[in-house]
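*Asks:* Sequence unavailable; structure follows:
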């Protein structure tokens, strides 16, 4: 190799090392995970290179421990939009909690039930699962990429055997070992992301003479999902994404049997509550033949397993004017539906 | 395959290392195979129209030389075939939907549902690039390419395949045909350019996208909130598209190719025509050379020159997408540029006024570009700033300030490029490159957006 080329090669190596290595040595300077006693995360140690999985989020667990509910409503954003726990608590004189995660599907509902409801040892008497249409029969829906990250946040262990068995190759599609190693171990400086984002927002707020803490709830309300256009609502993702997810009409190939078994083992009574989608809002409308067959299979399965199932889709009192965006009820009708639910099913769900 | 993914980084490093170990002919084959792998990574079906366009245009080029008497026929065949393919994939649904809409208005039963096709990524880019070659051969500006593999690499060269720059054959094909050597002296500059591209994309564009997407998702945006979203989109689209170009140029540079610049600080433009000399330069010059000038350019009467400008921009708008908002956007720019040509020579404001004025006009255009719902677009233009509540002004101020802070690197880059660079001729020495790249890499690590999206121009 000629001397000039050798020099260039050395320069290139020096350049690469000088750019790529320093951030890896800032590991120690990365901020520690949150140490709030109530929300202390659990770090899972695993082999080098695979890195640790995301921290198990204890927040929902602590919420249940704190609230000690007798009845829990569990699901995705439908729970937030349809259930008013305070109203139901007042009506039923029972402690009612909600456990919901936006964009979650049945894989996370299973984990939320197992790792929060059961693990909390609170042992609520009843857990009500809210769902829409085809969600139980799409076990592999929303489990890849960032969704997988959220699923792992609900897992205190590295693997969950049921998740592995049902999802198989679907899992970790976008979050490989190398990605994980780079983003979580080689460059832990990324832990500063939250700090930096907060700093950026605080600076922006101060630039216009506002208090960032006062501005945040204002923005959340003004740009929140209840303000979304119907066609662009967060629920649009459900309609389009459903076509890509493997659909099964066999309930035994879903998370349902595992939830039912676990509930029986723990002595928790579970209920299935199907809420009404915005009328004519989606391609998988309740009226389609495919949906009718699926709901028929589901109903048969629930009856066989002695799981109470209630369907609000034919309810004529729920109409289009009650919806804010997508399948979400507006705030006034969240309270209305909670009262309606209590009047309709108070005896069944709350034992009154 | 998208640039801002680990898949691309590994793919590129493997190709880069293998490329420089091979003799020239094998290098070209490696790049050709790599380019087809890159393009077929998402969908192998996309390779079919892609290979068809390549083979057709190469054959037409050869026929023009072999049978020059029928040159016009070969050109027509190429242009018609390319445009038909483009229309089939990109505009078919648009036409059918509109015809169905008209039929429905007259109470006639609409036709069966349109079969929705997935538009192959970058089809508008490679079709234009390939067509320019055939037109150049037809005009006698260059000789036809002898070998299909050389031509196929010119059309498929992966760094610029999906979102440009739209290269011309005399520039890129000539580089394919020559022997290249590893750019030892400029390698670190190309790596730095790639890092700059990543910063533009995963920090600036993706963060701004969060703001813009949110604003364009709500149904009741008020005047201040809407325009803070438009401002965020203006930053997003500049950062997003120039990021692609930066990564493309950096990747190509390391493979020994020189791709053209596509952006030259477009938001510092002082007139509409100046904006298009700075924004998406490869498309603007393509439109100028292959549409505007053949239409007659500025020759003839004023009315004819105005018609040529407006028509060129209408086609440019349609090139961006099969939707009325893009056509409206093209028309808007056509009118602006035509008005500038007609009256701009009489009086021009000083740059201190012209630059913000042009940025405002550009933002109006971006509103048409971003808002695909005509109902909301009309609603946006009817918004009254005086009726917005004070809280919305606070929110809009915050969103604008946040976007502005995120866009700081773009401002610093412009300041450096225009005011400082010439004072420091040796700025690109190794220590500077190391410090700059380290800063970029660290910023990417700590500031990257929690949500990432595909490049906007992939859809075109």
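*Replies:* That came in fine, so what should we check first? Because the structure is a prediction, the values reported are computed rather than measured. Numbering: from 1, shown residues only, chains lettered A, B, ... in the order given.

*Asks:* and the stretch 251-400 of chain B, which of its residues are near chain A?
*Replies:* With CB under 8 Å from any CB of the partner chain as the criterion, the stretch 251-400 of chain B meets chain A at residues B:373, B:376, B:391-392, B:394-395, B:397-398. Where you see a C-beta, it was placed from the backbone N, CA and C, and this is true even at glycine.

*Asks:* where are the low-confidence patches of the stretch 201-350 of chain A?
*Replies:* Scanning the stretch 201-350 of chain A for pLDDT under 70 picks out A:224-226, A:228, A:230-249, A:279-290.

*Asks:* Residue B:134 is in contact with residue B:79, correct?
*Replies:* Yes: using CB atoms under 8 Å, residue B:79 is in contact with residue B:134, at 7.3 Å.

*Asks:* out of these two, which sits in the busier spot?
*Replies:* residue B:134 (24 against 17; other CB atoms under 10 Å in any protein chain shown).

*Asks:* For the more buried one, which non-adjacent residue is spatially closest?
*Replies:* Distances taken as CB to CB, 6 or more residues apart in numbering or on different chains put residue B:78 closest to residue B:134, at 4.4 Å, once the chain neighbours are dropped.

*Asks:* Relative to residue B:62, how far out is the one you found?
*Replies:* Applying CB to CB, to the nearest Å, the value for residue B:78 to residue B:62 is 11 Å.

*Asks:* Quick check: residue A:271 is in a strand.
*Replies:* Yes: counting by DSSP: H, G, I helix; E, B strand; the rest coil, residue A:271 falls inside a strand.

*Asks:* Which strand or helix spans the residue nearest to it when sequence neighbours are not counted?
*Replies:* Spatial nearest neighbour of residue A:271, excluding adjacent residues (CB to CB, 6+ apart): residue A:128 at 4.4 Å. Assigned by DSSP states H and E, residue A:128 falls within strand A:126-131.

*Asks:* Tell me the helices and strands packed up against the following helix or strand past that strand.
*Replies:* Scanning forward in sequence from strand A:126-131 by DSSP H and E, the next helix or strand is helix A:146-153. Contact here means 3 or more CB pairs under 8 Å, 6 or more residues apart in numbering or on different chains; DSSP states H and E; on that basis helix A:146-153 packs against helix A:106-112.

*Asks:* Let's test this: mean pLDDT of the helix it packs on, rounded?
*Replies:* Mean per-residue pLDDT for helix A:106-112: 92.

*Asks:* Just give me how far it sits from the chain centre.
*Replies:* Remark: helix A:106-112 is offset 8 Å from the chain centroid, using CA atoms, centre = their mean, to the nearest Å.

*Asks:* Can you give the contact residues for it?
*Replies:* Applying CB atoms under 8 Å, 6 or more residues apart in numbering or on different chains, the contact partners of helix A:106-112 are A:60, A:74-76, A:99, A:101, A:104, A:129, A:131, A:135-136, A:138-143, A:150-151, A:154-155, A:160, A:162-163, A:166-167, A:254-256, A:258-259.

*Asks:* switch the cut-off to 7 Å
*Replies:* Outside helix A:106-112, the residues that touch it by CB atoms under 7 Å, 6 or more residues apart in numbering or on different chains are A:60, A:74-75, A:99, A:101, A:129, A:135-136, A:139, A:143, A:150-151, A:154-155, A:160, A:162-163, A:167, A:254-255, A:258-259.

*Asks:* and if you look at stretch B:286-305?
*Replies:* B:128, B:132, B:135, B:166, B:308, B:311-312, B:315-316, B:341-342.

*Asks:* and which of these is nearest chain A?
*Replies:* Checking the contacts of stretch B:286-305 against chain A by CB to the nearest CB gives residue B:316 as the nearest, at 26.7 Å.

*Asks:* residues touching the closest one, list them.
*Replies:* For residue B:316, the contact set (CB under 7 Å, 6+ apart) comprises B:283, B:287, B:330.

*Asks:* ok, which stretches of the stretch 151-300 of chain B are helices?
*Replies:* Using DSSP state H, counting those that start in this stretch, the helices of the stretch 151-300 of chain B run over B:158-161, B:169-177, B:187-198, B:206-215, B:223-254, B:272-278, B:281-287, B:293-295.

*Asks:* Tabulate these (TSV), appending mean pLDDT, distance to residue A:272 and mean neighbour count.
*Replies:* Below are the helices of the stretch 151-300 of chain B laid out as TSV (pLDDT from 0 to 100; distance: least, CB to CB, whole Å; neighbours: other CB atoms under 10 Å in any protein chain shown):
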stretch	mean pLDDT	distance to residue A:272	mean neighbour count
helix B:158-161	90	50	25
helix B:169-177	91	61	18
helix B:187-198	94	46	21
helix B:206-215	88	34	22
helix B:223-254	95	40	25
helix B:272-278	94	58	20
helix B:281-287	93	55	21
helix B:293-295	91	65	14
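
*Asks:* Looking at the contacts of stretch B:286-305, which one is closest to residue A:196?
*Replies:* Distances from residue A:196 to the contacts of stretch B:286-305, taken as CB to CB, are shortest for residue B:166 (36.7 Å).

*Asks:* Let me see the contact set for the closest one.
*Replies:* By CB under 7 Å, 6+ apart, the residues touching residue B:166 are B:125, B:128-129, B:282-283, B:286.

*Asks:* Nearest to chain A among the residues you listed?
*Replies:* Ranked by distance to chain A (CB to the nearest CB), those are led by residue B:125 at 25.5 Å.

*Asks:* my guess is that closest one meets residue B:164, correct?
*Replies:* Yes: taking contacts as CB atoms under 7 Å, residue B:125 lies within contact range of residue B:164: 5.1 Å.

*Asks:* of these two, who's got more company?
*Replies:* residue B:164 (27 against 23).

*Asks:* I'd like to know how far the closest residue to residue B:340 other than its chain neighbours sits from residue B:316.
*Replies:* Among residues not flanking residue B:340 along the chain, residue B:272 sits closest, at 4.5 Å (CB to CB, 6+ apart). As judged by CB to CB, residue B:272 and residue B:316 stand 13 Å apart.

*Asks:* got it, and residue A:151?
*Replies:* 45 Å.

*Asks:* quick one: buried residues of the helix or strand bottoming out on mean pLDDT in chain B?
*Replies:* Within chain B, confidence by mean pLDDT, DSSP states H and E is lowest for helix B:92-105 among all helices and strands, at a mean of 74. Neighbour counts using 16 or more other CB atoms under 10 Å in any protein chain shown place B:92-94, B:96, B:100 of helix B:92-105 among the buried residues.
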